[in-house]
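Engineer: Fold the following for me, if possible:
(chains A and B)
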Amino acid sequence: MANMCPYGRFTHAVVRGIPESFGKAGGDSRKNGETSVDLAKAQRQFGCLTGALRQKVGLQLIEIPSDPELPESWRIEDVAVIQGDTALITRPFKQQRRSEAEAVRKVVSELNLTVVEMGAEEGDSGGATLEGSDVLFTGREFFVGISSHTNHRGAEVLADTFRDFAVSTVPVCGGARLRNICSMGGPNTIIISNSDGAKKTLRMMEQLTDHHYEVLTVPEDSAANCIYIKGPSKHDFLLHRPAEECPDSASAFQKLQDYTLLPTACSEASKLGASLSSLCLLINRKHTYF
Amino acid sequence: MTTEAGSETEVKEKAEESAAETDQSEKASEGAQEVTDAEGEDKEKEKEKDGKEGKGIARYLPTWLKKQKSQSQTSPTKEEPPKEESNSKDTQEEDGPVPEVNGHAEEVEEKEAVKSDEVKEQEAESHSTASADTEPAKEEKVQESAEKSPEETVVTEEGEGVEEEKKEQEGEGEKEGEEGGEEGHTSIFQSPLRLVRKSKMKLVVCRVTLLDGTDFTCEVEKRAKGQFLFFKVCEHLNLMEKDYFGLSYIDSHEQKVWLDPTKEIKRQIRSNNWQFSFNVKFYPPDPSLLTEDITRYLLCLQLREDVASGRLPCSFVTHALLGSYTLQAEVGDYEPDQPRPLDNVGQLTFAPNQNREMEEKIVELHKSHRGMTPAQADVQFLENAKKLSMYGVDLHHAKDSEGVDIMLGVCANGLLVYKDRLRINRFAWPKILKISYKRNNFYIKIRPGETEQFESTVGFKLQNHRSAKRLWKVCVENHSFFRLNAPEPPTKARFLTLGSKFRYSGRTQAQSRVASSLIDRPAPCFERTSSKRISRSLDGAPMIRITEATSENGGDPHLELHSDSKVMEVDLSPGDAEATPTQSLEASEPAPSQSPNRVHGDNIYVRHSNLMLEDHDKTQDEVLKHQASISQLKRSFMEAPPPSPPQPNQWEKRLTSSPAPTIRIQQQQQVESAPQAEDAPVAENEISDTKEPAKTAEVEIEETVVVQEVSIAPKPGLVTVTSPQEVTVEKEVVVTVETKEAKQESVSSESESEEEAEYQPNVSVSICHTQILEEEEEEEEEEEKKGVSVPDAPSLPAEVEEEPEQKNNAEEEIQAKSNDDPITTQATNGHSLPEDSAVAPEEEEEEEEEEQEEQLKMNGVASVVEAEPRLQVICCSEPPVVKTEMVTISDTFAAQKTEIATKEVPIVHTETKTITYEAAQLDGNGDGEPGVLMTAQTITSESLCTTTTTHITKTLKGGLSETRIEKRIVITGDCDIDHDQALAQAIKEAKEQHPDMSVTRVVVHKETELAEEED
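Structural biologist: All right, here's what the predicted structure looks like:
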């Protein structure tokens, strides 16, 4: 179908700067209380990530300026799900995050994407919540993790938006997000953590899919979130957590043949439950219709 | 009197004929002058006739009125002779043609002649048999003649010429009939075989809606199998890779059902409406592997419709892209100098929510396809369509174990479970060990996963058992087609392993691919009809005409609504070329995805509302009239007593959702109008029964076979254990039970026939060994047990109460039965013989047994009259709601069964039939001695679930002990299994199991869910 092409072809990345209010999100008591985050370090890491995307991978980078009013706005992945030329503006679980979408909406519109509003469609009564970090798009289908932040209704809206694709719901255990435990590691490869919860999710994914995926298992949860991009030069890039952050998993990435591995630190963001992919939205504006 | 009744019948016929004709003539008048002539001729004849009989006005009276009149006017006995005459007239009619056809040989195509001949012959046959002067038989006659015309209409639809000719013959036949009926009478008696043989050649017109929206009309023999029609269509389409396709029809519940190629069409469609559509049945996962472009083209057409109707959901971009390929394939390269390209696009339907934006996008993409040939565009279309997640997924509404609404999708890979649009589970074929259904439950047994130890079974609830069965069938077929190298042969009906024998019968995908690789012909030229249509429609839309004409031709009032809407839709978009096929298709064939919703709660009225549904050969109109007559009677009745709960209107609509009131009405009505109205429906149904063989044996049959083996240990086979009294009691009991059952059936939708079947896909190798296990039907079983073990005297009165509502002789019989005296019973049974003989031959035809067998039965009937040892005693009892029949045949073994046409009371679909086959009572030894019960043991085999064996050992007078073994075998299935054969097999095996015992009684309790054809 029109939108079907192997996973990984991206031309643009949209990111949003780390605000000064980083780590001071009111509602996020889970990690905020105990862990102190280093704003400067977070910003440095953010800079490394955007640098890698732009210079190493060669994507067009669009950076939305940070907004101190929106302490979690850097987790831009959550506010939109983009596939092909359709962008679904999601309805994050937290009320205060919903205004983060505005800037993103503007950007994706400028990129000539068809914007689908989840909130608009639903009204506030619908109760649909969906965050991008619970959505794994494999190039062939969507998996939506039913988590603390994403519900079935949200998944239905997503399914309604991306009608070409099968949208399967999978359970996500232990308060995690789907993308915390897995990510795409190639057009046909899913990188997934070795934890019990992740295994359970993987089993479900395997049951639900019509396709066959290679599975790269990594021992650490945090290592499972990578960013795979097939750059304009048709070269495979994998942004992954560096060995110092995930010592046990470093060797696993070496299994990926002919990849350019780009270790990218993300320790500060991960303290807030985020990961590499949380920091960017990847867009493909070069459509190759079949 | 005599003439009057006779003429009435005639007139009725005529009136209906002319009514039918009007339809015809509308179409005919378009160009055929001759037809008009013929019509004129006909009318003249009619007038002539009317004049003769002084019944001109009667022609214009509604049929039911006349019917009623004739019935009320004449007492049964009085009516006898006139009927006889009308009969003879009809007989003449059919007899006359024989020489006459020869006479007309030059003008009349032989085929047609034979055909028209047949119609009459068939009915004549029934008349001749009816002449055994019994009331039911006589009623048959009336109905028969009434029914005749619709049947003819069906036949005549095919062409004006035929009609004309037939009319001619008919007229002449009628005239002759008036002169000398006797001859005809005799000649029929002489050659029943010939008649039967001839009737096999009856042709019916099938209308098949093709994928491009056009109709293909062809004639098939009335008893042709689905395959025949399918091949005809494929031949017409020049299609060789036909395995991916199939014919479907809309069943009485507005569900799209695949026509089983291995079975007779008539048995499946169960309606007058021989309307089918040609569709893709198995969507090839990789269309590029198809060999021929024409196959891909047809697949494209199907997918275009799927996409445009929303059945195959896709995104905006995909809609646009697929649309652009469609455009490229149909109109060729984008022409930049075309003034308003969007106009062209706007005429085509690409998406359910097509808008300007999409059309612009389509045009934009169309530009990029420049130079692409139609075939290439099709390939591209398919390459994109095949990746859609819902490609080839056949969705079925269901509920999960928690009652949550879900959708089950059957596809090439397995079974998908959706909740709303979300995929929540998936069972790939290799993971599925067994697929089965029971009642409205659908089960899949799952292969244990790596970590699991045990296989698990997942159950889903479907709306009703029909949907469960449909889903099961689709699963069986899809699994076989996509997973097997060769279809597995249908399992032989074994003892205790009965059930649906249904298996996929066509070639599998693997076989099909091999076959297509061998296709050695130049790529066939085919016309892209849609594009052709574009030009035509732009010329001034003659196609609208065509559609109209077609719908007009339908001749089936049933369809008229549809066709109306079709026309309307076409009118709305006169220039819309692509839309036309799609819309008209939609109009006549609701998208499967929608229909399940509509059918919600169906099972209630399906079972209990009536429907004349029996009367296949009747037009809906007629049936409605009949219904009206009943409701009128009912109304008139209901005015007298205090208002009863049920609403007449509801009743009329036959949509009564609460069964109980319906029954009550029915009963009341019957009580009230016993001599009049009751006769009509009963007879009518009876006839329709006999006319439409398929019906009773059709789709949903639940059969309970009780094989009672009685034997005495010391003198096996010599002493008859069954005491007559016992027999009688048992008989009663059975009847009672049935009545109860029947009531239950009609009262609670719960007791829907529990059909079930299992299918075990064994995917590992190539060929699957599938086994059908039959599960016991507990309810049924219980009831049966109750019936036999507890001679249920108290429930008898209930039955007797109902008797008055039944037909006279049925009444007699039941009363007789309620006597505990076996002799009386026998005697009464004897009385009912004539009826039997009247009904039997037709019934036989109904059962579609071999002609020889039929002959045999005819003989059998004769022998009955002669009271030979091989006595067939048949008595029929009829509870008001459900037909319950009790047939006792002494000294008759299973091999020689006689089935009795059941009389139908319109309202309920369930047919309960009990036939008892009883060994001759050798001597009086066992009589009268109940004996002492020593042991009684009941073994119910759970695993295979069909047999309950009860050993009863008794001590008899002489110190002998007698062991009776009662076997209760439940054969559940549908039209897929040959019940008779299964029964015979079961009995045979039972005999083999106990060689030293003799079978003394076989009670066949047959419960059929009759054709439910409402709407």
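Engineer: following the lowest-mean-pLDDT helix or strand in chain A, which helix or strand shows up next?
Structural biologist: Taking mean pLDDT, DSSP states H and E as the measure, chain A has helix A:29-32 as its least confident helix or strand, at a mean of 47. Using DSSP states H and E, the helix or strand that follows helix A:29-32 in sequence is helix A:39-51.
Engineer: Can I get that next one in PDB, CA atoms only?
Structural biologist: Only the C-alpha atoms of helix A:39-51 are listed here, as PDB (Å, rounded to 0.1, in the frame of the first residue of the first chain):
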ATOM      1  CA  LEU A  39      20.100  19.800  33.600                       C
ATOM      2  CA  ALA A  40      23.400  20.700  32.000                       C
ATOM      3  CA  LYS A  41      24.200  17.100  31.400                       C
ATOM      4  CA  ALA A  42      20.800  16.400  30.000                       C
ATOM      5  CA  GLN A  43      21.200  19.300  27.600                       C
ATOM      6  CA  ARG A  44      24.600  18.100  26.600                       C
ATOM      7  CA  GLN A  45      23.300  14.700  25.900                       C
ATOM      8  CA  PHE A  46      20.500  16.200  24.000                       C
ATOM      9  CA  GLY A  47      23.000  18.100  21.900                       C
ATOM     10  CA  CYS A  48      24.900  14.800  21.200                       C
ATOM     11  CA  LEU A  49      21.700  13.200  20.100                       C
ATOM     12  CA  THR A  50      20.700  16.000  17.700                       C
ATOM     13  CA  GLY A  51      24.200  16.200  16.400                       C
END
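Engineer: elements contacting the next helix or strand after that helix?
Structural biologist: Where DSSP H and E defines the elements, the next helix or strand beyond helix A:39-51 is strand A:60-64. Applying 3 or more C-beta pairs under 8 Å, 6 or more residues apart in numbering or on different chains; DSSP states H and E, we find strand A:60-64 packed against strand A:12-16, helix A:101-110. Any C-beta I mention is one placed from the backbone N, CA and C, and that applies to glycine too.
Engineer: Residues touching the shortest one, excluding its own?
Structural biologist: Put plainly, it is strand A:12-16. With contacts defined as C-beta atoms under 8 Å, 6 or more residues apart in numbering or on different chains, strand A:12-16 is touched by A:46, A:49-50, A:53-54, A:59-67, A:73-74, A:76, A:103-104, A:107-108, A:111, A:279-285.
Engineer: Up against chain A, what does chain B have?
Structural biologist: B:313-318, B:320-321, B:365, B:368, B:380, B:383-385, B:387-389, B:413, B:419-426, B:449 (C-beta under 8 Å from any C-beta of the partner chain).
Engineer: any idea how far residue A:90 is from the residue in the stretch 251-400 of chain B positioned nearest to chain A?
Structural biologist: In the stretch 251-400 of chain B, the residue that lies nearest chain A is residue B:389 (3.6 Å; C-beta to the nearest C-beta). Distance, residue B:389 to residue A:90, using C-beta to C-beta, to the nearest Å: 21 Å.
Engineer: how much space between residue A:223 and residue A:241?
Structural biologist: Counting by C-beta to C-beta, the gap from residue A:223 to residue A:241 is 5 Å.
Engineer: repeat for residue B:376
Structural biologist: Counting by C-beta to C-beta - residue B:376 and residue A:241 are separated by 47 Å.
Engineer: neighbour-wise, which of these two wins?
Structural biologist: residue A:241 (26 against 15; other C-beta atoms under 10 Å in any protein chain shown).
Engineer: pLDDT value on the more buried one, please?
Structural biologist: On pLDDT, residue A:241 comes in at 93.
Engineer: who's in contact with it?
Structural biologist: Per C-beta under 8 Å, 6+ apart, neighbours of residue A:241: A:222, A:223, A:225, A:226, A:249, A:263, A:264, A:265, A:266, A:270, A:276.
Engineer: Kindly report the same for residue A:244.
Structural biologist: With C-beta under 8 Å, 6+ apart, residue A:244 has these contacts: residue A:265.
Engineer: about what we covered before: which residues does the residue of the stretch 251-400 of chain B closest to chain A contact?
Structural biologist: Residue B:389 neighbours (C-beta under 8 Å, 6+ apart): A:141, A:164, A:165, A:166, A:167, B:423.
Engineer: Tell me the one among the residues you listed nearest to residue B:309.
Structural biologist: residue A:164 (16.7 Å; C-beta to C-beta).
Engineer: What ranges in the chain fall below the confidence cut-off?
Structural biologist: I'll assume chain A. For chain A, the stretches with pLDDT under 70 are A:1-4, A:25-35, A:119-126, A:287-290.
Engineer: that's the wrong chain, I wanted chain B
Structural biologist: B:1-201, B:339-342, B:490-501, B:529-757, B:761-984, B:986-987, B:990-1015.
Engineer: For PyMOL, what selects the buried ones among the contacts of strand A:12-16?
Structural biologist: Buried residues among the contacts of strand A:12-16 (16 or more other C-beta atoms under 10 Å in any protein chain shown), as a PyMOL selection:
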select buried, chain A and resi 46+49+50+53+59+61+62+63+64+66+67+73+74+76+103+104+107+108+111+279+280+281+282+283+284
